[in-house]
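Colleague: one predicted model, sequence on top.
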Amino acid sequence: METRPHNLMSLFRQNVRFVVPRFQRSYVWTRETNWEPLWDDVLAALESVSDEGAPPHFLGAMVVDQQRARTGTTQVRHVIDGQQRLVTLQLLLAAARDVAVEFAVPDKYRAALTKLTVNDDEMSTDPIDVFKVWPTNVDRQPLRDAMSAGSPAEVEALYPDDRPTIVQAYLFFVDQVRAWAGPMSATGRLDAFDRLVATPRQAGVRLREQLVVRGWVCHDGFDGPPSSGRVISECYPYTTLVGVAELGYHHDGQRPRYKRKPKKCPAAQWRPKRAACCDDLVQRLVGLERVDPPLRLRSHPLTSDLLTASPLDDRLSLDAAICAWTAALWHRHGLTRCQVLGLPNPDGTPAATVIAPAVDNQRCTRQPAIEPHSGRAVRLPGFG
């Protein structure tokens, strides 16, 4: 027996098919026990990346048995131990690959993710050789669909109800990658607004197109909230939470940890801690009933449910309530209580911006921007 360490690149970048023998059990990993801890480990690894690279992160051991390859086929290794992890890693990489297409990530990164999820052995004549991992019979069709449908929407269309566990895993990681990549526009690494405008596969684009047909327009906020008309602007729940004085996060130095695991928190302890963070956040939001404008969670059945059960698995309703209230705060108080993160486009087209509530010591100080259409340098309200 030969023992060697591998990273994801060395494991999946070569043309090889990891085949799960028939005597092995089917795919049984679940969200709470396996997918969420794995994703937390991935986030921890991503957050530890520096200019010197990323430190090694152990994902577990595998036992494989190399098989004699037939002419015209890709080399095969039977998976004796580790098939659940291998299948899950492939689903995670496929989710990242498909979300990269949605977000219009540069081709070289999409090509790299494709290389990790698709074999391209030109000498192979077997169509199933394209798959890096080939599970037991019951899981083969769901895996084939998740890996090769081309987009999350196509996978959802193939399985509108009673989704196999493999499909559930793929869609779980799609949601996680979207949630991780979306807020990056606030730091300049990705531009969510440009993705919204330019990427036709995103649900946000379809929503925007329908709203535009109904008279809505994109507004970057540099002139403050419009006094009339129907407008679309962008905000993030996290920037609202840390920028609203009444919620107290800026005062006590805490961060709202209802989404991302702290680096030093063991994965096994994260779910109960996150549940406590969610409950604490809801109680802070209840206090917004007494501010102007008020946030009344009890006014709608969906948000009212957040008061009677932990919102751990219903963070979409929680985020929706925060964003809706941010829109009301922006409309009521404008640049007095909010700032605009971003810079205007010189040609006057809508810029990539985020409407962010902020206390005084959080306001950004930026270089004077260029006034659209004039070329004159101006200092924008809300930028110090």
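Modeller: Yep, that arrived. All values reported here derive from a predicted model rather than from experimental measurement.

Colleague: ok so residue 356 is a helix residue?
Modeller: No. Counting by DSSP: H, G, I helix; E, B strand; the rest coil, residue 356 is not found in a helix; it is strand.

Colleague: from residue 320, how far out is it?
Modeller: 17 Å (C-beta to C-beta, to the nearest Å). In this view, the C-beta of every residue, glycine as well, is placed from N, C-alpha and C.

Colleague: more neighbours, the two?
Modeller: residue 356 (26 against 15; other C-beta atoms under 10 Å).

Colleague: I'd guessed the more buried one sits against residue 337; true?
Modeller: No. Using C-beta atoms under 8 Å, residue 356 makes no contact with residue 337, being 10.1 Å away.

Colleague: ranges for the helices of the stretch 251-384 of the chain?
Modeller: 267-286, 301-304, 315-333 (DSSP state H, counting those that start in this stretch).

Colleague: JSON lines please, covering those and showing mean pLDDT and distance to residue 235.
Modeller: Putting those into JSON lines (pLDDT from 0 to 100; distance: least, C-beta to C-beta, whole Å) gives the following:
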{"stretch": "helix 267-286", "mean pLDDT": "83", "distance to residue 235": "15"}
{"stretch": "helix 301-304", "mean pLDDT": "84", "distance to residue 235": "17"}
{"stretch": "helix 315-333", "mean pLDDT": "88", "distance to residue 235": "5"}
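
Colleague: give me whichever of the ones you listed is most buried.
Modeller: helix 315-333 (a mean of 18; mean count of other C-beta atoms under 10 Å).

Colleague: so that one versus helix 267-286, what angle?
Modeller: Per axes from the mean of the first three to the mean of the last three C-alpha atoms, to 10 degrees, the angle that helix 315-333 makes with helix 267-286 is 30 degrees.

Colleague: if we look at helix 315-333, which residues are touching it?
Modeller: 221, 225, 233, 235-237, 240-241, 244, 258-259, 278, 281-282, 285, 288, 292-293, 295, 297, 302-303, 305-306, 311, 337-338, 355, 357 (C-beta atoms under 8 Å, 6 or more residues apart in numbering).

Colleague: hmm, 7 Å instead?
Modeller: Residues outside helix 315-333 that contact it (C-beta atoms under 7 Å, 6 or more residues apart in numbering) are 225, 235, 237, 240-241, 258-259, 288, 292-293, 295, 297, 302-303, 306, 311, 337-338, 355, 357.

Colleague: just the buried residues out of those residues, in PyMOL syntax.
Modeller: Applied in PyMOL, the following selects the buried portion of those according to 16 or more other C-beta atoms under 10 Å:
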select buried, resi 225+235+237+240+241+258+259+288+295+297+303+306+311+337+338+355+357
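
Colleague: what about the contacts of helix 315-333, which are in strands?
Modeller: 338, 355, 357 (DSSP state E).
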